[in-house]
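Asks: A predicted structure for the sequence below; I have some questions about it.
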Amino acid sequence: MTTTARRTIAGPPRQEELSTKRGWAAVGAVAAATFTVVTSEMLPVGLLTPIGGALEVSEGTAGLALTVTGLVAAVSAPLIMPAVGRTDRRAVLRALMLLLAAGNLLAAWAPHFGVLMAGRVLVGAGMGGVWAVAASLAVRLVPARSVGAATSLIFSGIAVASVLGVPAGTFLGEAAGWRAAFAAAGGLAVAVAAALSLLLPRLPVERAVRLGGVAGLTGRRTVRRALWAMALLVTGHFAAYTYVRPVLEDVSGAGAGLIGGLLLAYGVAGVAGNFAGGAGAARSPRATLLVISAVLAAAVLLVPVLGGSPATAAVLLVVWGVAYGGVSVTTQALLVAAAPRDHEAASALFAGVFNASIALGALAGGLTADGLGTAPVLWTGGGLALGALAVVALGPTGKTVAPAPEDRQG
């Protein structure tokens, strides 16, 4: 029987089915946005040497292009939602992607380092805003039963950017120059803005997020616990992972070629962990975060103990990747459960604390590595993950709270 005949017998697609398909297409567009912002954020990682040479600054100074972006994102995330008031969230997200594009294109053109930094400030502002908006959209785009899976797909853009986006940008930079890599990121941001315009429904807001409301959420004990757990996990992870290459070289004796493969395996494991964490968080965010914290702490702490060979180091790195891959989607679910009627304000706090923790983790890892050596950064990272485990374990048992009807897109 032909497809046409089957459709004739079955009748036209139901409105609910069409709406669900459109909702998932919109979720895919939002995932493309998170992929683009993380790729843009991390792009300088593989391009520091050519950037420094072209703009006549040291590699350490060129690294500020990454630091400033994270700091600006951390500050802008909780401020953008109150600033946009009741503006339709589709228009807000589109404008933020265009701001991201402008920052990347300005960086691509930069005749000197000051202009590059100005472009990176724009990237940071766009990134913080996209995180704050995107993290809260799943509940408005798909049916309640699919919110967990949709949230996982949105956050998968972060993990996929680490696996594909950043290496692709580095490869393009080597083939066509670092400016071409930034220009490509700008073009991708424009394309994603167009996709968001086509695929997202109108997303009006009845109640504007106020700055006092964002800050006021920290007065809730359950919200504070979720934020502390996330801050400890993310800070600990980046304290250790920022220096994972020298750690692997020192502890396991892995060579440069093998390390590239190990990091790729870590990235793929992170994508799998993102979806596994999302599935678990849909049932119980607290229980899932307990497991993630314990596994992450164990994997990081065992690297200097059992990671003496490349094989055991590879196993531990994959376990580490699976555990950390679920952190963002699970902590977001825990925050939504703690503030079910204020998911936009909670998402703004989530984005701000997450980005600040990345910067703090890299700083803590650097200070530890400089003062004590590379192996102690793993003790630091694992200890902070154990702190997160204690915070979650001592908190009240939480249950996932379904979104209020007014929070959904009709």
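Replies: Thanks, I have it.

Asks: same for the helix ranked longest in the chain, what does it pack against?
Replies: Longest helix in the chain by number of residues (criterion: DSSP state H): helix 343-372. Using 3 or more CB pairs under 8 Å, 6 or more residues apart in numbering; DSSP states H and E, the elements in contact with helix 343-372 are helix 64-84, helix 113-134, helix 211-216, helix 221-241, helix 327-338, helix 375-394. Placement of C-beta: from N, CA and C, glycine included.

Asks: Show residues contacting stretch 147-155.
Replies: By CB atoms under 8 Å, 6 or more residues apart in numbering, the surrounding residues in contact with stretch 147-155 are 23-24, 27-28, 30-31, 34, 134-135, 137-139, 141-142, 274-275, 277-279, 281-282, 328-329, 332-333, 403.

Asks: now with 7 Å?
Replies: For stretch 147-155, contacts defined as CB atoms under 7 Å, 6 or more residues apart in numbering pick out 27, 30-31, 34, 134, 137-139, 141-142, 274-275, 278-279, 281-282, 328-329, 332-333.

Asks: In helices only, show me these.
Replies: Going by DSSP H, the helices hold 27, 30-31, 34, 134, 138-139, 141, 274-275, 278-279, 281-282, 328-329, 332-333 from the contacts of stretch 147-155.

Asks: Buried ones only from those residues, please, as a PyMOL command.
Replies: The PyMOL command for the buried members of the ones in helices among the contacts of stretch 147-155 (criterion: 16 or more other CB atoms under 10 Å) is given here:
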select buried, resi 27+30+31+34+134+138+139+141+274+275+278+281+282+328+329+332+333
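
Asks: which residues touch the residue sitting nearest the centre point of the chain?
Replies: Centroid-nearest residue in the chain: residue 158, 4.3 Å away (criterion: CA atoms, centre = their mean). Taking CB under 7 Å, 6+ apart, we find residue 158 in contact with 34, 38, 328.

Asks: name the element the spatially closest residue to residue 280 that is not a sequence neighbour belongs to?
Replies: Spatially, and ignoring its direct neighbours in sequence, residue 280 is nearest to residue 288 (3.5 Å; CB to CB, 6 or more residues apart in numbering). Using DSSP states H and E, residue 288 maps to helix 285-306.

Asks: Return the list of helices and strands in contact with that helix.
Replies: helix 221-241, helix 244-251, helix 256-283, helix 310-325, helix 327-338, helix 375-394 (3 or more CB pairs under 7 Å, 6 or more residues apart in numbering; DSSP states H and E).

Asks: tell me what the second one is packed against?
Replies: For helix 244-251, the helices and strands in contact under the criterion 3+ CB pairs under 7 Å, 6+ apart are helix 256-283, helix 285-306, helix 375-394.

Asks: ok, the contacts of residue 158 vs residue 82, which is closest?
Replies: Checking the contacts of residue 158 against residue 82 with CB to CB, the nearest one is residue 34 at 21.6 Å.

Asks: Now that closest one: closest residue in space that isn't a chain neighbour?
Replies: For residue 34, the closest residue by CB to CB, 6+ apart turns out to be residue 157, at 3.2 Å.

Asks: Show the contacting residues for the one you found.
Replies: 31, 32, 33, 34, 35, 38.

Asks: What separation is there between the last one and residue 126?
Replies: Read that as residue 38. 12 Å (CB to CB, to the nearest Å).

Asks: neighbour count winner among those two?
Replies: Between residue 38 and residue 126, residue 126 has the larger neighbour count (other CB atoms under 10 Å), namely 31 against 21.

Asks: Nearest residue to the more buried one in space, please, no chain neighbours.
Replies: Using CB to CB, 6+ apart, the closest residue to residue 126 is residue 100 (3.5 Å).

Asks: Also residue 101?
Replies: residue 189 is the one closest to residue 101 (CB to CB, 6+ apart), at 3.7 Å.

Asks: Now for that neighbour, how many residues are close by?
Replies: 29.

Asks: What strand or helix carries it?
Replies: helix 178-199.

Asks: Tell me what angle that helix forms with helix 113-134.
Replies: 30 degrees (axes from the mean of the first three to the mean of the last three CA atoms, to 10 degrees).

Asks: Please point out which parts of helix 178-199 sit buried.
Replies: In helix 178-199, counting by 16+ other CB under 10 Å, buried: 178-179, 181-186, 188-190, 192-193, 195-196, 199.

Asks: any idea how far it is from the chain center?
Replies: Mean-position distance between helix 178-199 and its chain equals 18 Å (CA atoms, centre = their mean, to the nearest Å).

Asks: got the CA positions of that helix in PDB?
Replies: Extracted as PDB, the C-alpha positions of helix 178-199 are listed here (Å, rounded to 0.1, in the frame of the first residue of the first chain):
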ATOM      1  CA  TRP A 178      41.700  31.700  12.400                       C
ATOM      2  CA  ARG A 179      39.600  34.600  11.000                       C
ATOM      3  CA  ALA A 180      37.800  32.200   8.700                       C
ATOM      4  CA  ALA A 181      36.800  30.100  11.800                       C
ATOM      5  CA  PHE A 182      35.300  33.100  13.500                       C
ATOM      6  CA  ALA A 183      33.500  34.200  10.300                       C
ATOM      7  CA  ALA A 184      32.100  30.700   9.900                       C
ATOM      8  CA  ALA A 185      30.800  30.800  13.500                       C
ATOM      9  CA  GLY A 186      29.100  34.100  12.700                       C
ATOM     10  CA  GLY A 187      27.500  32.700   9.600                       C
ATOM     11  CA  LEU A 188      26.200  29.700  11.500                       C
ATOM     12  CA  ALA A 189      24.700  32.000  14.100                       C
ATOM     13  CA  VAL A 190      22.800  33.900  11.400                       C
ATOM     14  CA  ALA A 191      21.500  30.600   9.900                       C
ATOM     15  CA  VAL A 192      20.300  29.500  13.300                       C
ATOM     16  CA  ALA A 193      18.600  32.800  13.900                       C
ATOM     17  CA  ALA A 194      16.700  32.200  10.600                       C
ATOM     18  CA  ALA A 195      15.800  28.700  11.700                       C
ATOM     19  CA  LEU A 196      14.500  29.900  15.000                       C
ATOM     20  CA  SER A 197      12.300  32.500  13.200                       C
ATOM     21  CA  LEU A 198      10.800  29.700  11.000                       C
ATOM     22  CA  LEU A 199      10.500  26.900  13.500                       C
END
